[in-house]
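Enquirer: Mind looking at a prediction? Sequence and model below.
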Amino acid sequence: MRAVHIVAHVGNEASGPSYSVPALGRALGRHGCDVTLLTQMHDAINPSDGFRNLSFPEFPVPRSLRWSPCLGRALRDRAAECDVIHNNGAWLAPNFVPGFVARKSGKPLIMAPRGTLATAALTKSRWKKSVVWPLQKVTFQQADCFHATADKEYEEIRAFGLKAPVAVIPNGIDLPDPQTSTPRDTRTLLFLGRIHPIKGLDLLLEVWRDLPAEVRQGWRLRFVGNDPDGHQAELERFVAEHDLTDVDFAGPAWDVGKIEEYAAADLYVLPTKTENFGMTVAESLASGTPVITTKGAPWSGLESNGCGWWIDRTHDALSATLTDAMARPPEALSQMGAAGRAWVRKAFGWDGIAEQMLDVYRWVSAGKSGTAPDCVRLD
C-alpha cells in the first residue's frame, strides 16, 4: 500500500497536526505502508520507519494561503504511483490541490478536516474562506471518505452537509518514559498549548482570580505555549491588574521540554471553546497528569476512566471543579494520573490506529466494495 499525505505545515508554530500527521505516517510505515508526506520547505521534519518527508517552498504572495506550486506538481507526479491520497486540513492552498489531482488521476481521496469544520474555525476569517471556497469545495466533494478524529468532528462533517463515509479514528499518542517527580512546596495547575482566544484562557484567569485564597494557597497557575496572535499580552494585563502573583507565563516548550512540563504539573487544564481532538489532553494523560477540560473537547472518557473532569464551559463549573481538584492530596491525583496513562496506552496506541487506517485505505482502494471497516460510518 502506497499513500501520499498532504498537510500545509508541521512546524512548531502549528497545532495538533504538527505531531499527529507525521506520527501517523511513521506508524503506517511500521505496518508496511509506503508513506510520503508533502509539506512546506521550512517545515521539514526528521522522518523514520519508512516514512518520507518531501518539503517544498511556498510562493511568497499571498503568504497566508501558503501557496506552493512545487508541492502541487509533486502531488501530481506521485498520484500515478500511489494507492491513496490523504489530505489533512482545509482552507490553505496545499489543501485545494488534492481534490483536482484525485479527480484527474482517479485515485481515492481521504479528507481529514483536522478541526477546520468546527463552528469557531469556520467563523474565523469567514470572508477569506468564502473567497477560496470554489477551490476548496473540489476536495470536499471529491473525497471518497472523510477521516474524523472524534465523534464531535464526525458531527461537524455531517453538519457541513458532507455525505461521504466517515472513518472515526482518533489520534494516537506516544507514551513517554515515566518521570520521577520530587516533592514540591508549590503545586502546579498547568495549561500547555497555543496562547489563543479559542483555548478559553480568559475564563481560566477570571475563575482563578475569583477562587478563595485558601483554595489557591500552595498552588500556582502556569501557562506554557507559543503566542502566535499576541493574545498573551491581554492575559498578562489581566494578571497585572489583579495582582495575580501566583500566575506565570513560561513561553513555549517542545519535545522533551513538554514532557517535563506535564510531569512536573499536578493538574492540566484546558478550558477550550472547541477542539476536534485535543492532543494536549492525550499528552498530559500519557505523562500521568490528570486533566480538567470542557465539553468543547471530545474527552468524555476522562470521567468514566477516573482520570479527570469533563465539564460545562462556565465560570461556575470551572470554579467548582478547580476547588474540588485542588483540594485533593497529591497521592489521589497521582492515582488518577496513573489511570489516565493506562487508558491512553490501551485506547490510543499508534499501532492499532495505523491498522485501522490501513483497513480504510484498502477499502477505498478497492472501490469501497465489500463490508466497510468497523470504524467507518455510512450514515
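Expert: Nice, thanks for sending it over.

Enquirer: Now do the strands in the stretch 101-250 of the chain.
Expert: 109-112, 145-148, 166-168, 187-192, 219-224, 247-249 (DSSP state E, counting those that start in this stretch).

Enquirer: and the first one, which strands flank it?
Expert: Listed by DSSP bridges, the sheet partners of strand 109-112 and their directions read strand 84-88 (parallel), strand 145-148 (parallel).

Enquirer: cool, and the last one?
Expert: In the sheet containing strand 247-249, its partner strands are strand 219-224 (parallel), by DSSP bridges.

Enquirer: which residues touch the partner strand?
Expert: 186-192, 195, 201, 204-205, 208, 232, 235, 244, 246-253, 258, 261, 265-266, 326 (CB atoms under 8 Å, 6 or more residues apart in numbering). (C-beta placed from N, C-alpha, C; glycine too.)

Enquirer: surely residue 276 meets residue 119?
Expert: No - using CB atoms under 8 Å, residue 276 makes no contact with residue 119, being 11.4 Å away.

Enquirer: Output the below-cut-off pLDDT ranges for the chain.
Expert: Scanning the chain with the threshold set as pLDDT under 70 gives 11-15, 41-67, 180-183.

Enquirer: hmm, 50 instead?
Expert: The chain contains residues with pLDDT under 50 at 14, 42-44, 47, 49-50, 60-61.

Enquirer: From residue 203, how far off is the residue of it positioned farthest from its centre?
Expert: The outermost residue of the chain relative to its centre, with distances by CA atoms, centre = their mean, is residue 214 at 35.0 Å. Residue 214 sits 22 Å away from residue 203, taking CB to CB, to the nearest Å as the criterion.

Enquirer: ok, residue 295 - contacts?
Expert: By CB under 8 Å, 6+ apart, the contact set of residue 295 is 310-313.

Enquirer: same thing but at 6 Å, please
Expert: For residue 295, the contact set (CB atoms under 6 Å, 6 or more residues apart in numbering) is empty.

Enquirer: Can you get me a residue count around residue 8?
Expert: 26 (other CB atoms under 10 Å).

Enquirer: I'd guessed it sits against residue 93; true?
Expert: No - the pair residue 8 / residue 93 is not scored as a contact, 7.5 Å apart, by CB atoms under 6 Å.

Enquirer: Any quick ChimeraX command for the buried ones out of the contacts of strand 219-224?
Expert: Here is the ChimeraX command that selects the buried residues among those (16 or more other CB atoms under 10 Å):
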select :188,189,190,191,192,195,201,204,205,208,232,235,244,246,247,249,252,253,258,261,265,266,326
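
Enquirer: tell me, how many neighbours does the nearest residue to residue 284 once chain neighbours are set aside end up with?
Expert: Spatially, and ignoring its direct neighbours in sequence, residue 284 is nearest to residue 268 (3.8 Å; CB to CB, 6 or more residues apart in numbering). Residue 268: 27 surrounding residues under other CB under 10 Å.
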